[in-house]
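> need coordinates for the following:
(one chain, ligands or ions: 1)
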Amino acid sequence: MKSQQASVHFNENGTPVADHFGDVYFSNDSGINETQYVFMGGNSIVERWQAHSNPSFVIAETGFGTGLNFLVAMQAFKHFRNANPSHPLKQLFFLSTEKFPLPKPDMEKALLSFPALKEEATALSTRYPMELDGCHRRHFDEFDTTLDLWIGDVHDLLSQWHSPTAGLIDAWFLDGFAPSKNPDMWADTLFEQMARLSKVGATFATFTAAGFVKRGLAAAGFTVSKRKGFGRKRDMLVGVYETEAASTLAEKRAFEGPYYRYTQAAIAPKSHVIVVGNGLAAATVTLSLAKRGINVTVCHDQEALATGASGNPQGGFFPQLHSEASIASRIQAHSFLYASHIYHTLLDDNDTSTNTALKKTPVAHDFCGVAQLNFNEKVAVRQKKLVANGVWPEALIKPISPEALSEKASIALPYDGLFIEQGGWISPPDLVRALIEQAKQYADVTVLCHHEYLSHTVLNDSDKASLSDALAQAHHLAVEFSVTAGIEDSSHNKTLYADHLILATGAGAVGSSAFASLPLRPVRGQVEAITTQAPINALTTVICHKGYMTPALNNRHALGSTYIKNDLSTEVRAQESEQNLQTHQQAMANTDVVQQLKHDGEARAATRLGSPDHQPVSGMLADFSALKTQYVGLSLGKPLYTAAPLPATPVSTLCCLGSRGLTTASLMAELLASTLTHEPLPLNNDLCQAVHPARFMVRDCIRSIFDE
Ligand code: SAM
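The predicted structure is shown next:
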């Protein structure tokens, strides 16, 4: 859902004031000094970083506001990292909630008062998310910092955060206007959620010393003390989450039942993960892991990268949005916005958001927008409803007139429709190679072609003891491959050892025993590569209707696509070329733009792998059929949260991206990497659940009530 933005004015000191609350965003005296004193000092942040032994430190804030606290913390973390390059603490996570995000110009104006934070403020401004409810993950690699800006009410959001049993948060910045001006926020439910999410030893600091805040935090398990407040304020509160209370709450953290995401032990930097696959799923998860210092061997049975569904020369990049904020649409919207952030970092030569002189691999692309034509009555009703519901910010999708659409397209088109300004097209094979090349600059990443995945074995202690190779003994997973050396009929088996295996295969999953208990839906799609010709040679935006057409790349336009279920063959069919042309001619019957199009038979067909509910699959992969017996309670009507978490397994999957991999792969990969490293998850809990591989098994169990 689109969220309500803040309405602010600036007072005589230049400090922003929220009209709704009648309170300032930060001290009139000195915003930076207040942040340093109350939040950084109150949590002893820098001292705690020095003593920290984990790879990441997690700060959570209530009330992002102008982002001042975030910028101060991020700047301090950069100083810490520069002064301690070999310290085990490598990454700062800053999680912040915001119910009324500031319009970007107001945020920028407010931060102009802090020239010492110019670099940080500019970085935030270029990555500032739009006003859409949910989690917006933004990487500030040049500061070794990740921001998760959660738009929505803190009370709705904290309960959505998933926590490892040892807790998630190291320090709390309790901001959010004075309790007298915003009493709703300072409620016991907030303090209880803070306790649920806190690690043992987590601290909090807040500018207020209100009695009910003090009592509420104490009741939730924090040891609370008063100290001198900032500036003219007499007192403020600080506190720590102590051991005893934490142990009583540890069980509550696993409330999600079978979808609990942190079942295996956290994967640490320098671990070794094998990723099987050669397309977007494999490449995005490889980059997400490598950025965390995890070494990856990418194995596939082909000659080169991107030979399957990620091999089409051009792919449309846009979210598929409904008129309601359905789970499917929210996955699309958030995946699209996150991917857009990742692609801009990866593809934009002027981007400064990386902390090393990363070499960028060229990727053919054009963020030229995507027009969804209103080409028949049914679509007109759907599009009208989407606009009327006002669920999505206009910055994401907006109505467009025939005149404006024609201007965007550079071709006269007699259609109105919807326009996705940030969309466009990308070359998926270029992107796959660029993602892998970038991953190689963060960690030890090797790509092994002609390696066909056969099976894997989880090693127990006696298996390990029998291994002669000391390196192998250090791992607990043996993965068997059939290797063809390029010489016909000559192949041999090879075992690689790893800490975790990720099966990121597309159509290759069909028929693999590892996927036997996942319902897979392969779909063949043929896309034409039409020689550029008048009038479409002028096309400057992606056009979508029942099919899609892109501006030219190397004098050819992508024109797609057919959609044939359960067909695994990939030969090009003349009949499907005709079908693709007809789809365009029928949908755009009101114009002669496509009526005379000629094709020369140049096309590509591939199998995309999907799932029955059309959502991606990201998470642990197990023999779900065998696990069903543990969830029989669900068939008796017991609620999901009563079911025990699924057992740990060192095997995961990222698959079923269908034809939407350009949109969904990056966020699904980031979700998986965050899960494996026990970091904060970049998605609302309901969306995490909706993409979990176990969902099909659980639905079967629940449905069996009605079958009996
Ligand atoms: N930390 C901010 C900064 O660095 O600029 C200042 C925070 S300002 C004092 C308080 C913020 O809390 C406002 O942006 C306000 O919209 C937000 N807020 C108030 N109630 C909230 C709620 N229930 N959930 C989430 N955010 C809330």
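> C-alpha only now, for contacts and for neighbours.
Fine.
> what ranges do the strands span in the stretch 351-500 of the chain?
365-366, 370-373, 398-400, 417-420, 424-426, 445-448, 451-458, 477-484, 491-498, 500-503 (DSSP state E, counting those that start in this stretch).
> ignore the last one, the stretch 51-200 of the chain
56-62, 91-98, 134-140, 145-151, 169-174, 198-206.
> mean pLDDT and mean neighbour count added to those, as JSON lines?
Compiled in JSON lines, the strands of the stretch 51-200 of the chain are given as follows (pLDDT from 0 to 100; neighbours: other CA atoms under 10 Å):
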{"stretch": "strand 56-62", "mean pLDDT": "98", "mean neighbour count": "22"}
{"stretch": "strand 91-98", "mean pLDDT": "98", "mean neighbour count": "24"}
{"stretch": "strand 134-140", "mean pLDDT": "98", "mean neighbour count": "23"}
{"stretch": "strand 145-151", "mean pLDDT": "98", "mean neighbour count": "24"}
{"stretch": "strand 169-174", "mean pLDDT": "98", "mean neighbour count": "26"}
{"stretch": "strand 198-206", "mean pLDDT": "95", "mean neighbour count": "25"}
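> start to end distance for stretch 88-104?
35 Å (CA to CA, to the nearest Å).
> look up how far the ligand lies from residue 639.
Residue 639 is 29 Å from the ligand, where distance means CA to the nearest ligand atom, to the nearest Å.
> now do the contacts for that residue.
Counting by CA atoms under 8 Å, 6 or more residues apart in numbering, residue 639 touches no other residue.
> count the residues that sit near the residue nearest to residue 325 when sequence neighbours are not counted.
Spatial nearest neighbour of residue 325, excluding adjacent residues (CA to CA, 6 or more residues apart in numbering): residue 1 at 5.9 Å. When neighbours are defined as other CA atoms under 10 Å, residue 1 has 18 of them.
> measure stretch 116-132 end to end?
Terminal residues of stretch 116-132 lie 30 Å apart, using CA to CA.
> tell me the buried residues in that stretch?
117, 120-121, 123-125, 127-132 (16 or more other CA atoms under 10 Å).
> circling back to that earlier point, show the pLDDT at the residue nearest to residue 325.
In this model, residue 1 is scored at 89, pLDDT.
> repeat that for residue 708.
48.
> so how far is the ligand from the nearest residue to residue 260 once chain neighbours are set aside?
Nearest-residue entry for residue 260: residue 645, 5.6 Å, with adjacent residues in sequence omitted and distances by CA to CA, 6+ apart. Per CA to the nearest ligand atom, residue 645 is found 30 Å from the ligand.
> you'd agree residue 645 is up against residue 264?
No: the pair residue 645 / residue 264 is not scored as a contact, 10.9 Å apart, by CA atoms under 8 Å.
> looking at this protein, which helix or strand does the model trust least?
In the chain, the helix or strand scored least confidently by mean pLDDT, DSSP states H and E is helix 243-249, which has a mean of 56.
> any idea of the mean pLDDT for the lengthiest strand in the chain?
Longest strand in the chain, counting residues (DSSP state E): strand 521-531. On average, the pLDDT along strand 521-531 is 96.
> what residues does stretch 163-179 touch?
Outside stretch 163-179, the residues touching it (CA under 8 Å, 6+ apart) are 21, 23-25, 39, 43, 45, 57-63, 182, 185-186, 196-208, 210, 250-251, 253-254, 262, 678-680.
> count the residues that sit near the residue nearest to residue 201 when sequence neighbours are not counted.
Using CA to CA, 6+ apart and skipping the chain neighbours, the partner closest in space to residue 201 is residue 241 (5.2 Å). By other CA under 10 Å, 25 other residues sit near residue 241.
> give me phi/psi at residue 241?
phi -90, psi 110 (degrees, to the nearest 10).
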